[in-house]
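K.L.:
structural data only, the sequence is not supplied:
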Ligand code: SF4
Ligand code: SF4
Ligand code: FES
């Protein structure tokens, strides 16, 4: 512990930072920087101090310093962080004084914290993130919206395109065609805007196999990562609904999986894993999952008779009629 000029208490810590220059380095390295950190300093202040007090070549993006431009998104100990919003001491406490600064995606690093975000922008552009409308160049009155219509997209409108959700998404790491949570949040935002006319096109783009919302594994990492609390996974759920409602969703393994889940809930009130597989993939498709099925059987998650035609072995939940009523109230979709 020490004191800075203003007399406030500071803490001496060593910060590790990812260093890499795509033009000169074959592999990245991690360098350590020791400094006194005050209670009001942000992660962005620490990055400034690395650059100003230790190594002028340290590179990162920042602009607004107020959580508005989205430029300073990085990862601290693997956790998506908006550097200009995050108090440093809070994270140092959380991680026992050991923090490592890394770019949002190490494999896309160009220089230190700066990454090539072109995949993010390409996917963002793919969903037409703007109001598509044949606007009268000389309108006689303004285009009005009700408060309810406005509230429908208000939170998704706060997206600052920082990419924190995009580069935290495991589905995107595994499948580079996947559009990703930020693009879906943008697709939702403009599709529910009553002035927009490209909703069907966006719903089709976000339905397409491999790229669309049905490849989301619902891990909630995007909701966790978003510094603006936009909750992209919630928008993904709404896109699912809109695709059903507007007849864009077609019967395939993914949509039948969702329907199968609902069917099981209605029948027994329990998640019937075996029934979901047979419903969405058919009895032949079921054989692909035999190894997993044996493992689940061993763990007591399913029983041998589950999924066998004409044997309904699933017990029923005590308050099944309540569950069925809730489903009826909530249900808007039919395949
Ligand atoms: S919930 Fe879906 S979109 Fe969000 S991070 Fe997980 S896989 Fe990606
Ligand atoms: S949805 Fe949130 S995390 Fe994703 S880009 Fe927008 S502001 Fe960033
Ligand atoms: S510098 Fe703009 S969001 Fe951090």
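P.N.:
Arrived safely, thanks for sending. Here the structure is a predicted model, which means the values were calculated and not measured. Numbering: from 1, shown residues only. Ligands and ions are numbered 1, 2, ... in the order given.

K.L.:
in three-state terms, how would the closest residue to residue 271 other than its chain neighbours be classified?
P.N.:
Spatially, and ignoring its direct neighbours in sequence, residue 271 is nearest to residue 264 (6.2 Å; C-beta to C-beta, 6 or more residues apart in numbering). The way it works is simple: take the backbone N, C-alpha and C, and place the C-beta from them, glycine included. Judged by DSSP: H, G, I helix; E, B strand; the rest coil, the three-state class of residue 264 is helix.

K.L.:
next, count neighbours for residue 264.
P.N.:
Neighbourhood size, residue 264 [other C-beta atoms under 10 Å]: 19.

K.L.:
poorly predicted segments of the stretch 1-150 of the chain, please.
P.N.:
Scanning the stretch 1-150 of the chain for pLDDT under 70 picks out the ranges 1-8.

K.L.:
what residue in it comes nearest to ligand 1?
P.N.:
Nearest residue of the stretch 1-150 of the chain to ligand 1: residue 80, at 10.4 Å (C-beta to the nearest ligand atom).

K.L.:
and the helices in the chain?
P.N.:
Assigned helices in the chain, in chain order: 43-49, 88-94, 118-126, 147-154, 170-174, 181-191, 199-205, 221-225, 232-245, 253-268, 273-286, 290-298, 320-330 (criterion: DSSP state H).

K.L.:
can you tell me which of those helices is packed in deepest?
P.N.:
helix 181-191 (a mean of 27; mean count of other C-beta atoms under 10 Å).

K.L.:
residues of stretch 96-105 that come out buried?
P.N.:
Buried positions in stretch 96-105, judged by neighbour count with 16 or more other C-beta atoms under 10 Å: 99, 101-105.

K.L.:
which of these lies closest to residue 87?
P.N.:
For the buried residues of stretch 96-105, the minimum distance to residue 87 (C-beta to C-beta) is 11.9 Å, reached by residue 99.

K.L.:
and for residue 63, nearest residue in space, chain neighbours not counted?
P.N.:
Spatial nearest neighbour of residue 63, excluding adjacent residues (C-beta to C-beta, 6+ apart): residue 69 at 4.3 Å.
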